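> Predicted structure and sequence below. I'll ask about it afterward.
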Amino acid sequence: MTTVPAMHAVVRILKDEGVDTVFGCPGAAILPLYKALETVGGIEHLIVRHEAGAAHMADGWARTNGRVGVALATSGPGGTNLVTGLYTAFADSIPMVCVTGQAVSTKLHQEAFQAVDIVGIVRPVTKWAVRVTEAAQIPWVFREAFRVAREGRPGPVLIDIPVDIARREIRYDAATDARLPVRVPVPHPPSVEAALDLLLAAERPLVLAGGGVILAGAADGLRALVELLGVPFQVTLMGKGAVEDDHELHMGTTGIQTSQRYANASFLEADFVLAVGARFGDRHTGADTDVYRGGRTFVQVDVEPTQLGKVIAPDLGVVSDAKEFLAALLAAARRRGARADTGPCRSWQSWRERCRLLKRTLVRREDFASVPVKAPRVYKEINEIFGEDTYFLTAIGLYQIWGGQHQRAHLPRHYQVCGQAGPLGWEVPAAIGAKKALEGMGRGATEVVGIVGDYGFQYTAEELAVAAQYDVPFVLIMLNNEYLGLIRQASIGYGMNYQVDVHYDETGTDNVKLMEAYGCSGRRVVEPADIRPAIEWARKEAVATSRPVLVEIMIEREANTPHGANIDAVEEFEPLP
């Protein structure tokens with residue numbers, strides 16, 4: 001068996017695991033891996049301006065192509081700067097492997113320069129964190145890392161490699177190495193039949209599709225099931241795009257923030273919920289889960305056993321991959337001859353009509369023509385301008401809520417949102433990762449759009465330099481209220497408006513000039529009629545320059561999103577149609 005540098009084996013394994021792009025920042029402790037990337041070749045590397053950017057780029061890359069993203073960092077602060085990105089991926093079930101360099105193994109107990117227990121630090125926000133102590137174990141550690149990242153509920157893994165271990169040679173033959181098998185939990189047949197029994201016994205059923213449906217590639221199974229049975233369905237924020245929003249059976253997203261009026265109304269009238277790959281997050285259920293649960297019967301299906309009953313105690317819990325469960329349920333329904341026009345499903349016709357009525361009538365206005373611009377108008381323009389194949393990325397703030405309420409999604413993985421951790425600044429680096437993933441998929445011309453707020457944008461604005469350096473074009477649409485808007489809204493309950501106003505001078509930070517400082521371009525919009533021309537210009541400019549382009553839209557400064565403590569008590573702040 002051939003003797004090779006250990007890091008050469010790592011690069012070959014990365015390539016075999018489907019990695020064509022990695023994101024990172026070199027430092028002394030991780031240079032052996034960088035030397036291997038240069039020598040072995042075949043993997044593109046983008047040098048980031050901050051390691052948090054590397055993690056978010058790997059995250060966006062993985063969300064877009066469904067593979068395992070990879071971020072690299074050196075020891076000490078290089079590793080600790082990854083923590084927010086790891087937490088984001090962990091919270092949203094995104095498969096990722098982060099590799100950190102480490103000080104010499106014999107010096108770790110002596111508080112050597114930039115020696116930190118990164119494994120101990122990240123354990124709470126990773127599926128597995130491991131320090132390599134023997135070079136011969138490196139091939140297995142990396143194969144196991146990719147298996148763990150993919151299997152069950154996906155998530156991030158961190159591998160820490162002391163520099164002296166990374167410099168060693170090992171016996172390695174790629175011909176005797178292979179990916180480790182990933183186990184896919186399948187449902188127990190009696191539990192499938194029991195779930196179908198409960199569904200067919202319901203009078204006003206809903207299917208609830210969470211992010212697990214998208215992660216499992218189960219969107220086609222979801223569509224086939226709801227169309228066969230004629231059962232109305234909803235999605236969670238993370239499930240948005242599993243099936244197009246304008247599908248006749250799609251009843252939107254229930255919640256206390258990112259939700260539609262008709263969604264909350266139809267959920268409250270339902271008597272049965274089949275939840276697949278949904279973890280019942282608190283922004284979905286509301287503070288009082290008794291309101292959410294009501295007298296409804298719940299079936300909960302999740303690939304992760306510990307999710308069952310964590311928030312809502314189900315009448316039936318099923319441990320299964322979402323795709324496998326939906327396929328089994330569909331097969332069982334077909335065996336029984338269950339269809340929308342026969343048997344119990346036919347009796348749902350009045351329920352279907354009721355849901356459609358709610359969807360037509362319980363809506364919110366978007367056609368505002370006032371100045372300053374009202375945020376819903378921005379999403380009206382976005383919905384009308386961009387094609388169904390566009391990939392959107394958005395993070396946290398009032399604009400995430402407005403987006404969840406107003407923006408339409410059409411395809412799985414095309415509406416990406418850091419839904420649980422909510423890190424400010426996620427969009428710019430994640431958009432870079434998404435665009436690189438599309439290039440690797442042979443779809444480099446597909447549009448990527450980041451929707452950002454003025455405050456969070458500056459958390460990772462330095463990563464614009466990465467997009468400029470490597471010719472990564474995308475459009476950024478900024479809703480600028482010159483506020484830390486979501487926290488200003490939350491502060492109302494405390495009777496204050498304290499330290500959330502970031503306005504100064506005439507309009508605060510000149511974000512167009514900031515774009516120009518990084519070699520990019522942008523325009524500021526203050527009139528509703530100018531939104532569409534500016535966005536159309538930005539789309540063309542991104543292609544022409546191969547760089548990010550910003551459309552900064554100055555919106556109403558102290559507008560509030562519809563929100564409330566519970567799904568039956570969401571307060572509206574704008575006039576309704």
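Yep, it's here.
> Could you report the neighbour count for W61?
W61 has 31 neighbours, counted by other Cβ atoms under 10 Å. The way it works is simple: take the backbone N, C-alpha and C, and place the C-beta from them, glycine included.
> A534 now?
Neighbour number of A534 under other Cβ under 10 Å is 21.
> Identify the residues contacting it.
Applying Cβ atoms under 8 Å, 6 or more residues apart in numbering to A534 gives the contacts 523, 525, 551, 553.
> Likewise for M515?
M515 touches 464, 521-522, 548-550, counting by Cβ under 8 Å, 6+ apart.
> quick one: which of these has the most company?
P548 leads these on contacts (other Cβ under 10 Å) with 30 neighbours.
> separation between that residue and T390?
As judged by Cβ to Cβ, to the nearest Å, P548 and T390 stand 15 Å apart.
> how about the helices of the stretch 101-250 of the chain, start to end?
Secondary structure of the stretch 101-250 of the chain (DSSP state H, counting those that start in this stretch): helices at 118-122, 138-150, 163-166, 189-201, 211-215, 219-229.
> In TSV, list those along with mean neighbour count and distance to Y172.
Formatted as TSV, the helices of the stretch 101-250 of the chain follow (neighbours: other Cβ atoms under 10 Å; distance: least, Cβ to Cβ, whole Å):
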stretch	mean neighbour count	distance to Y172
helix 118-122	19	24
helix 138-150	21	6
helix 163-166	21	14
helix 189-201	17	43
helix 211-215	27	32
helix 219-229	20	39
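> can you put the ones you listed in CSV and add distance to V502 and mean pLDDT?
Output for the helices of the stretch 101-250 of the chain, formatted as CSV (distance: least, Cβ to Cβ, whole Å; pLDDT from 0 to 100):
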stretch, distance to V502, mean pLDDT
helix 118-122, 31, 96
helix 138-150, 37, 98
helix 163-166, 42, 96
helix 189-201, 49, 96
helix 211-215, 32, 96
helix 219-229, 39, 97
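> Select, out of those, the one closest to K540.
Closest to K540 of those, according to Cβ to Cβ: helix 211-215, at 30.7 Å.
> How about residues contacting that closest one?
66, 92-93, 153-154, 218-219, 222, 235-236, 238-239, 241-242, 276-278, 302-303, 322, 326, 412-413, 419.
> From P344, how far out is the closest residue to W348 other than its chain neighbours?
In space, and not counting its chain neighbours, W348 is closest to G230: 6.1 Å by Cβ to Cβ, 6 or more residues apart in numbering. Relative to P344, G230 is positioned 10 Å away (Cβ to Cβ).
> tell me the contacts of the spatially closest residue to T106 that is not a sequence neighbour?
Leaving aside its chain neighbours, T106 sits nearest to D164 (7.3 Å; criterion: Cβ to Cβ, 6+ apart). Counting by Cβ under 8 Å, 6+ apart, D164 touches 104-106.
> Buried only: go through those residues for me.
Buried members of the contacts of D164, counted by 16 or more other Cβ atoms under 10 Å: 104-105.
> now stretch 152-165: how far from the chain's centre is it?
21 Å (Cα atoms, centre = their mean, to the nearest Å).
> Break down the stretch 201-350 of the chain into its strands, ranges please.
Using DSSP state E, counting those that start in this stretch, the strands of the stretch 201-350 of the chain run over 205-209, 233-235, 272-276, 297-302, 316-319.
> Of those, which is nearest V186?
Of the strands of the stretch 201-350 of the chain, nearest to V186 by Cβ to Cβ is strand 316-319, at 9.5 Å.
> if we can go back for a sec, and the residue nearest to W348, how many neighbours?
G230, neighbours per other Cβ under 10 Å, totals 19.
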